[in-house]
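whatever this is, show me its structure:
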Amino acid sequence: MTGTIALLNGPNLNLLGVRKPEVYGRATLADVEQLCRDEAARHGLGIEAVQSNHEGALIDAVHELRATAVGFVVNAGAFTHTSVALRDALETIEGPLIEVHISNVHAREAFRHHSYLSPIASGIIVGCGIQGYAFAVARIAELTGA
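Coordinates of the predicted model:
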């Protein structure tokens with residue numbers, strides 16, 4: 001393995017497959033994590049997955065993983081639209097940051113149209129279902145030369 005990609009999932013993503021399946025699909029968070037591990041392995045990379053419903057725990061994970069991760073795939077859930085603190089933590093990472101949203105947030109409620117993360121992201125993937133995570137892992141591999 002040539003490195004690890006940090007996979008961060010925010011609030012309510014532990015309920016994937018159960019919460020609003022008409023919006024988010026029936027795949028579970030475990031399915032997302034396995035999809036990312038499989039894609040990362042194709043590029044000789046590993047995945048360090050963290051999910052939390054607590055903003056501070058996600059910030060702590062960024063602080064911990066920023067020293068070792070070659071890049072970050074982040075679906076911050078609702079924190080995307082509210083957390084300056086998470087944005088500030090992610091701004092300290094060295095490698096690429098890919099922001100992922102399972103649904104097309106731009107076709108949903110107006111409050112979901114703004115992201116604090118987008119201005120610091122290397123790329124943004126929205127509306128591609130969980131496949132967007134695999135796209136994000138592949139993009140980080142491309143950007144880092146893995």
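
every contact and neighbour count from this point should use C-alpha atoms.
Noted.

end to end on stretch 123-139, go ahead and measure it.
8 Å (C-alpha to C-alpha, to the nearest Å).

next one: stretch 66-84
First-to-last residue span, stretch 66-84, C-alpha to C-alpha: 18 Å.

ok, stretch 122-132 next?
Span of stretch 122-132 from end to end, C-alpha to C-alpha: 14 Å.

could you pull out the strands for this protein?
For the chain, the strands defined by DSSP state E occupy 3-9, 45-51, 69-75, 97-101, 123-126.

can you list the residues that contact stretch 33-43?
I5, G46, I47, A49, Y133, A134, V137, A138, A141, A146 (C-alpha atoms under 8 Å, 6 or more residues apart in numbering).

the residues you listed: which two are farthest apart?
A49 and A146 (18.9 Å; C-alpha to C-alpha).

as JSON lines, the contacts of stretch 33-43 with neighbour count and distance to T28 would be great.
Rendered in JSON lines, the data for the contacts of stretch 33-43 read as follows (neighbours: other C-alpha atoms under 10 Å; distance: C-alpha to C-alpha, whole Å):
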{"residue": "I5", "neighbour count": "27", "distance to T28": "20"}
{"residue": "G46", "neighbour count": "22", "distance to T28": "20"}
{"residue": "I47", "neighbour count": "22", "distance to T28": "17"}
{"residue": "A49", "neighbour count": "18", "distance to T28": "14"}
{"residue": "Y133", "neighbour count": "27", "distance to T28": "13"}
{"residue": "A134", "neighbour count": "22", "distance to T28": "15"}
{"residue": "V137", "neighbour count": "29", "distance to T28": "18"}
{"residue": "A138", "neighbour count": "18", "distance to T28": "20"}
{"residue": "A141", "neighbour count": "22", "distance to T28": "24"}
{"residue": "A146", "neighbour count": "17", "distance to T28": "27"}
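
any idea how far stretch 65-81 is from the chain center?
5 Å (C-alpha atoms, centre = their mean, to the nearest Å).
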